[in-house]
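Asker: just coords:
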């Protein structure tokens, strides 16, 4: 089970992977009380070897959720508090001179960890935000011309305040595109908020490691082996292309977004205990994958449209061919509505 090579997806492999995924979600649920799909989205990003951006107002437990996830999978955890005066070297590290022997040694920054929390990432200017680009895409950082590989697994979880708040900077398009998923964290329901008060008015729950780093690498390899039919690939591409040709969208979802739809759909299928994807898996992650990658045109903004509304429009209008389990995972043979 500690072998990171892609396993064949026998039923026992799927069951074991689903059990590990459920154990992580259950442990995170001890510390985070809220919408259950939010921890699942974080797990989807982890299994798909991506990164996750959480957006919400202060005080809705974004940091608590991220710290609970990091604790549940073990490994090194570092937090970067983004501020307007933060420098790129504060993230990646720098070479410092040793007065004793006159040599330079690398003082590693907090990016050298398995799970990195970028807290309030949009409170720092674009130059500092861009220090994460190479790390998130290439799993390496370059310091003074020398390249250093990062740990495996490497998982960035960033929090972002709504742009309407004072002292925030919009993330550059290239930075936003490096996040596999963006998850909006709303206020909890009244019932969940009562549960929060009960849990945290006494001794707060402390999440414990329920997975090892080898478990995480193994789960990622299992997710890589989840089967995807050509029709599911075509559906992901059709959704992305719909946004590229929409008259009210200035910048649609890129091919990276199409790939992200498929990778996230594989992870959803695995969490659900399946070794194959369905078009509905793509639908479940479409908002989290696509909305933050869409830039609206002036007409859409004047009409009060949002990227989320246009993703819903794409899901409603783009057809797909449904996979039918009665045919052994083959095609049902007819196009149906994306809804």
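Answerer: That came in fine, so what should we check first? From a predicted model like this one, the values you see are computed outputs, not experimental measurements.

Asker: show me where the stretch 101-250 of the chain has its helices.
Answerer: Ranges of helices in the stretch 101-250 of the chain, per DSSP state H, counting those that start in this stretch, are 126-129, 133-138, 173-177, 190-201, 213-224, 230-244.

Asker: got the buried residues for the longest one?
Answerer: By neighbour count, and taking 16 or more other C-beta atoms under 10 Å as the criterion, the buried residues in helix 230-244 are 231, 232, 233, 235, 236, 237, 238, 239, 240, 241, 242, 243. C-betas here are computed from N, CA, C, even on glycine.

Asker: put together a markdown table for those residues, with pLDDT on each row.
Answerer: Listed next are these as a markdown table, based on pLDDT from 0 to 100:
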| residue | pLDDT |
| --- | --- |
| 231 | 94 |
| 232 | 95 |
| 233 | 96 |
| 235 | 97 |
| 236 | 97 |
| 237 | 96 |
| 238 | 96 |
| 239 | 97 |
| 240 | 97 |
| 241 | 96 |
| 242 | 97 |
| 243 | 96 |
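
Asker: quickly note the distance from residue 309 to residue 179.
Answerer: 20 Å (C-beta to C-beta, to the nearest Å).

Asker: those two - which one has more neighbours?
Answerer: Higher neighbour count among residue 309 and residue 179: residue 179, with 27 against 13, using other C-beta atoms under 10 Å.

Asker: what's the spacing between the more buried one and residue 160?
Answerer: 10 Å.

Asker: overlap of the contact sets of those two?
Answerer: residue 53 (C-beta atoms under 8 Å, 6 or more residues apart in numbering).

Asker: partner residues bridging the most centrally placed residue in the chain?
Answerer: In the chain, the centroid-proximal residue (C-alpha atoms, centre = their mean) is residue 52; its distance is 2.7 Å. Under DSSP bridges, the beta-bridge partners of residue 52 are residue 157, residue 181.

Asker: find the residue closest to residue 114 in space, skipping its chain neighbours.
Answerer: Excluding the flanking residues, the one nearest residue 114 by C-beta to C-beta, 6 or more residues apart in numbering is residue 75, at 3.4 Å.

Asker: dump the residue contacts of that neighbour.
Answerer: Contacts of residue 75 by C-beta under 8 Å, 6+ apart are 113, 114, 115, 151, 153, 213, 216.

Asker: any idea what the third one is bridged to?
Answerer: Following DSSP bridges, residue 115 is listed with bridge partners residue 77, residue 155.

Asker: tell me which of the helices of the stretch 101-250 of the chain lies nearest to residue 274.
Answerer: helix 213-224 (11.3 Å; C-beta to C-beta).

Asker: in the stretch 51-200 of the chain, what spans have low per-residue confidence?
Answerer: Within the stretch 51-200 of the chain, the ranges that satisfy pLDDT under 70 run 163-167.

Asker: strands of that one, residue ranges please.
Answerer: Listed in chain order, the strands of the stretch 51-200 of the chain (DSSP state E, counting those that start in this stretch) span 52-55, 77-81, 93-97, 104-108, 115-119, 140-143, 146-149, 155-160, 181-184.

Asker: out of the ones you listed, which one sits most buried?
Answerer: strand 155-160 (a mean of 26; mean count of other C-beta atoms under 10 Å).

Asker: which strands and helices sit next to that one?
Answerer: The contact analysis (3 or more C-beta pairs under 8 Å, 6 or more residues apart in numbering; DSSP states H and E) places strand 155-160 against helix 37-47, strand 52-55, helix 62-73, strand 115-119.

Asker: between the ones you listed, which one is closest to residue 296.
Answerer: Among those, strand 52-55 sits nearest to residue 296 (C-beta to C-beta), with 16.6 Å.

Asker: now that closest one, how far from the chain's geometric center?
Answerer: Centre-to-centre, strand 52-55 and its host chain are 7 Å apart (C-alpha atoms, centre = their mean, to the nearest Å).

Asker: got the contact list for that strand?
Answerer: 38, 41-42, 45-46, 62, 65-66, 121, 155-162, 176, 179-185, 292.

Asker: skipping its backbone neighbours, what lies nearest residue 47 in space?
Answerer: Using C-beta to C-beta, 6+ apart, the nearest residue to residue 47 is residue 267, at 3.9 Å.

Asker: is it true that the one you found lies in a helix?
Answerer: Yes. Read with DSSP: H, G, I helix; E, B strand; the rest coil, residue 267 is one of the residues of a helix.

Asker: how much space between it and residue 199?
Answerer: 28 Å.

Asker: repeat for residue 143
Answerer: Residue 143 is 42 Å from residue 199, by C-beta to C-beta.

Asker: hey, which helix is longest across the chain?
Answerer: helix 11-31 (DSSP state H).
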